[in-house]
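A.B. asks: Take a look and give me a structure for this.
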Amino acid sequence: MGAMDALYSPSDMARIDAAAPCCGVSGIALMENAGAAVARIIRRRFSPGRVLVLAGPGNNGGDGYVAARHLAQRGWPVVVAPVAPPRPGGDAAAMAALWRGPVVPPDRARIGAADIVIDAVFGAGLKRDIDPGIADLLAAARRIVAIDMPSGVDGATGHARGRPARADLTVTFEAFKPGHLLYPGRGFCGEILRAAIGMPAAAFAAVEPKTWRNTPALWRLPRPEATGHKYRRGHLTILAGPMGGAAILAAAAARRVGAGLVTLNGAGLGAVPPGVIVSPARPADLLADPRRRVWLCGPGLGVDAAGAMLRSLLDAGRTVVADADALTSAAGAAERLRGVAAITPHDGEFARLFPDLTQDRLTRARIAAARVGGVVVLKGPDTVIAAPDGRAAINDNAPPWLATAGSGDTLAGIVGGLLTQGMAAFESCCAAVWLHGAAASAAGAGLIAEDLAEYLPMVADEIKNFKN
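C.D. replies: Alright, predicted model coming up:
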């Protein structure tokens, strides 16, 4: 398997596949293993029933012929319906020649009568819209198991090309692809299982991974030292404005992930939890304290004040997390953010900051990170975390009830709290996004933002039991 859940694009996997024979494993052996894995998973997940394999002309279709053979050998009733013949001389043609069972024309009635349709048409590398006729065929299926990727979903971007049909189960091989985690593709995949097929570890050396699934295997949370003290654990300063609740939410999260001290800089904040320092001093006076290295600017601060303070903080060389009003203050002028440690925009804020970026989600986040020189956390159900050096992670553990007012303020506080403890910016942002999602899952439906901080210590403690 790819190290630390590395994500590989279809073109990356093609290079890895091409390297396999030099490492002692032929392409046809990999195809045999892939098809056998699909058949094995189907047998484990479903009761025996009528199976129709909708087979394309390439390697995805070859995997389908192998799956058909293995299921038939176990007594399952299987037919293969090619949408096109295998390309002559290829591995798929060799596997098609080994199929001795029924070969039938594809039609909607036959597909609709099958208990399981195996989508072995195009896989992850499709670069054009799926043919409407094939889309109609797949739409007639009652249950779909997709090989590698539902046909019509771009494995690199998750974009829907034409009209993909939603799979109940998608079986991919060795490593996930970005399109498995990015929407709308993720919504078409159903349950996603990854199967090992004997790819030599040395073959992965053909590609240096730059994208990962965001899991605790990718980062390590800071641990308090036995002889440490609160100043060693870091001091986060949060600029608080008229909407003081946002800053209070951020402060609670920063404290729960281990920040030694948290100061809210503002006046008229009302009830503030014990343990949070409130300072009405001028920000310039606080900036004179070199221990105040990390600052959070934006939540509830007001657009004008956030813009002015952002400039002062960056000019002073501080480590800055910019969110909310700080991002709005830079709308259409993202160069004002140059030098931040991290920004945490949702889609609307991102579009206002970078109106010229219209590429896929992963590419947009990477370009934006390079422009601002800081980590971009592009929030959503498939949050992308991108570093200026091109590294990126895609998060997939956030439940839908995390979409609630104030949850973004909590996330910004987690990022700031981790940065105060000396964690690097990319790793801080990745860890913060994962902890945010895990805390929301632990809290359950009905979550409000105030709940999140309370669950952070529990999910952080459970990471030691995390299995990749």
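A.B. asks: Can you give me the neighbour number for residue 79?
C.D. replies: Burial of residue 79 is recorded as 17 neighbouring residues (other C-beta atoms under 10 Å). C-beta here means a position set from N, CA and C on the backbone, and glycine is covered the same way.
A.B. asks: Check residue 202 too.
C.D. replies: Neighbours of residue 202 using other C-beta under 10 Å come to 13.
A.B. asks: Where does it sit: helix, strand or coil?
C.D. replies: Assigned by DSSP: H, G, I helix; E, B strand; the rest coil, the conformation of residue 202 is helix.
A.B. asks: Pull the contacting residues for it.
C.D. replies: Taking C-beta atoms under 8 Å, 6 or more residues apart in numbering, we find residue 202 in contact with 19, 23.
A.B. asks: Repeat that for residue 64.
C.D. replies: Residues near residue 64 by C-beta under 8 Å, 6+ apart: 35, 38, 53, 54, 55, 56, 80, 118, 120, 147.
A.B. asks: how about a markdown table for those residues, with secondary structure added?
C.D. replies: Output for these, formatted as a markdown table (three-state DSSP):
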| residue | secondary structure |
| --- | --- |
| 35 | helix |
| 38 | helix |
| 53 | strand |
| 54 | strand |
| 55 | strand |
| 56 | coil |
| 80 | strand |
| 118 | strand |
| 120 | strand |
| 147 | strand |
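A.B. asks: Could you dump those into CSV with neighbour count and pLDDT added?
C.D. replies: As requested, those are exported to CSV (neighbours: other C-beta atoms under 10 Å; pLDDT from 0 to 100):
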residue, neighbour count, pLDDT
35, 26, 98
38, 30, 98
53, 32, 98
54, 24, 98
55, 32, 98
56, 25, 97
80, 25, 98
118, 32, 98
120, 33, 98
147, 33, 98
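A.B. asks: between those, which is nearest residue 70?
C.D. replies: Taking C-beta to C-beta as the measure, residue 70 lies nearest residue 35 of these, at 6.4 Å.
A.B. asks: Quick check: closest non-adjacent residue to the closest one.
C.D. replies: residue 66 (2.3 Å; C-beta to C-beta, 6 or more residues apart in numbering).
A.B. asks: Only the buried residues of the helix or strand containing the one you found, if you could.
C.D. replies: Residue 66 is part of helix 59-73, with elements assigned from DSSP states H and E. Using 16 or more other C-beta atoms under 10 Å as the test for burial, helix 59-73 gives 59-72.
A.B. asks: Now flag whichever of the residues you listed is closest to residue 414.
C.D. replies: Distance to residue 414 across the buried residues of helix 59-73 (C-beta to C-beta) is lowest for residue 60, with 40.5 Å.
A.B. asks: quick one on the thing from earlier: which one of the contacts of residue 64 is nearest residue 399?
C.D. replies: residue 147 (28.3 Å).
A.B. asks: residue contacts, the closest one?
C.D. replies: Applying C-beta under 8 Å, 6+ apart to residue 147 gives the contacts 34, 38, 60, 63, 64, 67, 118, 119, 120, 123, 170, 171.
A.B. asks: Between these, which has the least confident prediction?
C.D. replies: Lowest-confidence member of those: residue 123, scoring 86 (pLDDT).
A.B. asks: Spell out, range by range, the helices that occur in the stretch 201-350 of the chain.
C.D. replies: Taking DSSP state H, counting those that start in this stretch as the test, the helices found in the stretch 201-350 of the chain are 244-256, 283-287, 303-315, 325-328, 347-353.
A.B. asks: helices or strands up against the strand or helix carrying residue 16?
C.D. replies: In this structure, residue 16 is located in helix 10-19 according to DSSP H and E. Under the contact definition 3 or more C-beta pairs under 8 Å, 6 or more residues apart in numbering; DSSP states H and E, helix 10-19 sits against no other helix or strand.
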